[in-house]
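Peer 1: Turn this into a structure:
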Amino acid sequence: MKLFHRCQRILILSLLSVSVFAPIIFVSQRLKNLSTTGRKEFIEDLSNIKYRTDGLKLSVEQEASEGLKEPRKVLYEDKDLVSSVSYTLKENHDAKKSGNVGDTTDMLEITENGTKYENQDGDNQFQHREISSMSGEKKQLNQEIVQQDQNAHSQSRKVIDGKIKQLKDVKPNRAVPHDQNVQNMRKVTERINEMKDQVVRAKLYLSFTPPGSKSNLVKELKLRIKEVERAISGATKDSDLSRSALQRMRNMESSLSKASRAYPDCSSMTTKLRSMTQNTEEQVRSQKKQVSYLFHLAASTTPKGLHCLSMQLTAEYFALDPKERQFPNQQKLHDPELYHYAVFSDNVLASTVVVNSTVSTAMEPEKIVFHVVTDSLNFPAVSMWFLLNPPGKATIQVQSIESFDWLSTKYHAALRQNCSDPRYASELNHLRFYLPEIFPALNKIVLFDHDVVVQKDLTRLWSINMKGKVNAAVETCHKSETSFHRMDAFINFSDPFVAKRFHADACTWAFGMNLFDLQEWRRQNLTTVYHKYLQLGNKRPLWVAGSLPLGWVTFYKKTVALDRRWHMLGLGYESGVVRADIDRAAVIHYDGIMKPWLDIGIGRHKGYWSKYVNYEDSHLQRCNIHA
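Peer 2: Model prediction:
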């Protein structure tokens, strides 16, 4: 028994010795067959292999994209399934010396047709991308592999040196041209629309199937719909579309082809599509009406922050002693030699921006007198604000509309009965037609709407030749501009009284920034003309509600045109206003319902307005009013 165990141990030890020494002998035999050059190249190649942890990804032709900056991945391919070319550190060093130093390096791609180069961000070394496995009889092919590596190595070296010389003067990281970006975006948009059309067609075919059907075609269409909708969900650019999007489109098209063979009745398809189109159009019309209603509701509602601000200021105003409520420099209010500006507003912040922007851009602010007229409800708040925040060297006056005893109460009653919109029925909106009575000692005045911002000094405006006219304003009768308006869009020219006195093609103009010659106004007695047209409009529908059409007929042929750079319109309804035009304008106007102090205001235009508001003020902080 002991002899048996001894023999067993000897046998096990022998087998272990063979398993240890056999690989060593085998490798030594192979190394003897390698030439000196082959051995050196083989070991050098092994030393330069770089292993990656993220795995090697196949090169897939990607769709062009506006946001795609990285070039496509480059692979080394070998048609004969041998090892690919590996480059040494010495070659990288030579390439850097030749001038190819920067954020990009040249990569060599060996294809069936020869060699080509690709640019790639990142590394400054040539990187080995793929190592092909050797197959077949290793011993017999070893010498052939080494020889092919040497030939490819020397040939690639020559090609690289030549390519480097050609690229010495080429700047890396070239930006994609704008036209190409636009073209790529159009292609992506077309592709997304095509995928959406496929979903519509698939849902249409599903509507032809019997209820509760569980056929393979129904399951396939439902699956394809989910796949395509997932691919296009929220996609706005090419990079948002996955690489499998095109394959999903092809799969969907194949499924739709099956469905078209299953349901070949074109008349049913046409009827169903027409019904779907009409239903969609009706939904769009309904949503547009709802959006329009909500926008107008938001425009006519006072934001919570502004209401809070008015309440705080009103409480502080009534806590003041009567002597503390007086503004300084009141002797300047009736001086016709100074520059007088007026704004009629019930909005504290809006009137503040008008005053601050006018004074801060003026060359001689000490010559400016600002007249702010508001209603009795907001008079304490507006007064308190300007007592706390006086406009520098300028003089300011705050008046309440209730202090004008001469204003006819009959006018107020007639106006309220014929207009339901508070923006148009407001006395402040029509108070502009009583400027000579409000400021009897003045010869000229500039009237601002409360939704304007002054960007430049307006001194030259006062020296404009009025040519015997009463009103100076910017025209809005140019069809190429967004502010274009026609007389017949606001005035009823089917009425004989209107058609006889006015021309439908007469040039229109804008309220918002107007220079009025009050002396000429008094001489022509235009306030009486306004009263006449107001009463006629109350009796029959001659024009739409608001002060603009009444201004057109009151100052008909009595208005001189200003250069358009004096007054820029459209910032309250047009998001595409050119920035250069805004910067050139002396006054910008947020006409429309999207006012800058509202949440619905156009974001890209708000900065011009908000920079004249001191959001660090304690009153604004307490009312949570922020930019």
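Peer 1: got a list of what residue 435 touches?
Peer 2: Neighbour list for residue 435: 342, 445, 447, 516, 518, 521 [criterion: Cβ atoms under 8 Å, 6 or more residues apart in numbering]. (Glycine included, C-beta is placed from N, CA and C.)
Peer 1: Apply 10 Å and report the result again.
Peer 2: 342, 344, 371, 442, 445, 447, 514, 516, 518, 521-522, 526-527 (Cβ atoms under 10 Å, 6 or more residues apart in numbering).
Peer 1: Find the least confident helix or strand in this structure, judged by mean pLDDT.
Peer 2: Of the helices and strands making up the chain, the lowest-confidence element is strand 104-111, at a mean of 37, by mean pLDDT, DSSP states H and E.
Peer 1: picking that back up, please indicate which of the contacts of residue 435 are buried?
Peer 2: 342, 344, 371, 442, 445, 447, 514, 516, 518, 521-522, 526-527 (16 or more other Cβ atoms under 10 Å).
Peer 1: Please identify which of those is nearest to residue 311.
Peer 2: When the buried ones among the contacts of residue 435 are compared for distance to residue 311 (Cβ to Cβ), residue 344 wins out at 21.7 Å.
Peer 1: do you know how far that closest one is from residue 263?
Peer 2: 67 Å (Cβ to Cβ, to the nearest Å).
Peer 1: again with residue 366
Peer 2: 83 Å.
Peer 1: the more surrounded of these two?
Peer 2: More crowded of residue 366 and residue 263, by other Cβ atoms under 10 Å: residue 263, with 16 against 13.
Peer 1: Now that one: closest residue in space, sequence neighbours ignored.
Peer 2: Of all residues not flanking residue 263 in the chain, residue 208 sits nearest, at 5.0 Å (Cβ to Cβ, 6 or more residues apart in numbering).
Peer 1: Contact partners for that neighbour?
Peer 2: 259, 262-263, 265, 268-269, 272.
Peer 1: Are any of those buried, and if so which?
Peer 2: Buried among the contacts of residue 208 by 16+ other Cβ under 10 Å: 259, 263, 269.
Peer 1: taking those residues one by one, which sit in helices?
Peer 2: 259, 269 (DSSP state H).
Peer 1: Format the buried ones among the contacts of residue 208 as a markdown table; extra columns: pLDDT.
Peer 2: A markdown table is the format used below for the buried ones among the contacts of residue 208 (pLDDT from 0 to 100):
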| residue | pLDDT |
| --- | --- |
| 259 | 83 |
| 263 | 77 |
| 269 | 71 |
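Peer 1: Which of the buried ones among the contacts of residue 208 sits closest to residue 222?
Peer 2: Residue 222 has its nearest neighbour among those in residue 259, at 11.7 Å by Cβ to Cβ.
Peer 1: now that closest one, nearest residue through space, not along the chain?
Peer 2: Per Cβ to Cβ, 6+ apart, closest to residue 259 is residue 205, 4.0 Å.
Peer 1: What does the pLDDT read for that neighbour?
Peer 2: Predicted confidence (pLDDT) for residue 205: 81.
Peer 1: need the strands for the stretch 501-627 of the chain, in chain order.
Peer 2: 513-517, 559-562, 567-568, 587-589 (DSSP state E, counting those that start in this stretch).
Peer 1: What pairs with the longest one, parallel or antiparallel?
Peer 2: Pointing back at strand 513-517 there. strand 444-448 (antiparallel), strand 471-474 (antiparallel) (DSSP bridges).
Peer 1: Deepest-packed of these, please.
Peer 2: strand 471-474 (a mean of 23; mean count of other Cβ atoms under 10 Å).
Peer 1: Report the backbone C-alpha coordinates of that strand in PDB.
Peer 2: Below are the C-alpha coordinates for strand 471-474, written out as PDB (Å, rounded to 0.1, in the frame of the first residue of the first chain):
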ATOM      1  CA  ASN A 471     -48.800 116.800 -33.500                       C
ATOM      2  CA  ALA A 472     -45.400 115.200 -34.300                       C
ATOM      3  CA  ALA A 473     -45.300 111.400 -34.300                       C
ATOM      4  CA  VAL A 474     -43.700 108.400 -36.000                       C
END
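Peer 1: Listing request: residues of this structure with sub-threshold pLDDT.
Peer 2: Within the chain, the ranges that satisfy pLDDT under 70 run 1-2, 27-182, 234-243, 408-425.
Peer 1: swap the cut-off to 50 and go again
Peer 2: Applying pLDDT under 50 to the chain flags residues 35-142, 145-146, 149, 152-153, 156, 164, 167-176, 410, 417.
Peer 1: Where do the domain boundaries of this protein fall?
Peer 2: Per the TED database, the domain ranges recorded for the chain read 193-297, 305-623.
Peer 1: Export the ones you listed to TSV and append columns for distance to residue 9.
Peer 2: TSV is the format used below for the domains of the chain (distance: least, Cβ to Cβ, whole Å):
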stretch	distance to residue 9
domain 193-297	62
domain 305-623	88
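Peer 1: Which of those has the highest mean neighbour count?
Peer 2: Sort the domains of the chain by mean neighbour count, taking mean count of other Cβ under 10 Å, and domain 305-623 sits at the top with a mean of 17.
Peer 1: what distance separates the start and the end of that one?
Peer 2: Across domain 305-623, the terminal residues are separated by 5 Å (Cα to Cα, to the nearest Å).
Peer 1: And for stretch 465-473, what's in contact with it?
Peer 2: Residues from elsewhere that reach stretch 465-473, judged by Cβ under 10 Å, 6+ apart: 444, 446-447, 461, 464, 508-524, 526, 551, 554-555, 557-562, 566-567.
Peer 1: let's go with 6 Å and repeat that
Peer 2: With Cβ atoms under 6 Å, 6 or more residues apart in numbering as the contact definition, stretch 465-473 has outside contacts at 464, 509-510, 514-517, 520-521, 555, 558-560, 562.
Peer 1: Let's have the contacts of residue 208 in JSON lines, adding distance to residue 432.
Peer 2: Listed next are the contacts of residue 208 as JSON lines, based on distance: Cβ to Cβ, whole Å:
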{"residue": "259", "distance to residue 432": "66"}
{"residue": "262", "distance to residue 432": "70"}
{"residue": "263", "distance to residue 432": "67"}
{"residue": "265", "distance to residue 432": "66"}
{"residue": "268", "distance to residue 432": "63"}
{"residue": "269", "distance to residue 432": "61"}
{"residue": "272", "distance to residue 432": "57"}
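Peer 1: how about the helices of the stretch 151-300 of the chain, start to end?
Peer 2: Along the stretch 151-300 of the chain, the segments classed as helices by DSSP state H, counting those that start in this stretch run 178-208, 216-232, 245-262, 266-300.
Peer 1: The stretch 301-450 of the chain now?
Peer 2: Using DSSP H, counting those that start in this stretch, helices in the stretch 301-450 of the chain cover 304-318, 348-360, 379-388, 409-417, 422-425, 427-430, 435-438.
Peer 1: Nearest to residue 620, out of those helices?
Peer 2: helix 304-318 (6.9 Å).
Peer 1: And that closest one, how far out from the chain middle?
Peer 2: The chain centroid and the centroid of helix 304-318 are separated by 35 Å under Cα atoms, centre = their mean, to the nearest Å.
Peer 1: okay, the angle between that helix and helix 379-388?
Peer 2: Relative orientation of helix 304-318 and helix 379-388, computed by axes from the mean of the first three to the mean of the last three Cα atoms, to 10 degrees: 80 degrees.
Peer 1: tell me what helix 304-318 is packed against?
Peer 2: helix 379-388 (3 or more Cβ pairs under 6 Å, 6 or more residues apart in numbering; DSSP states H and E).
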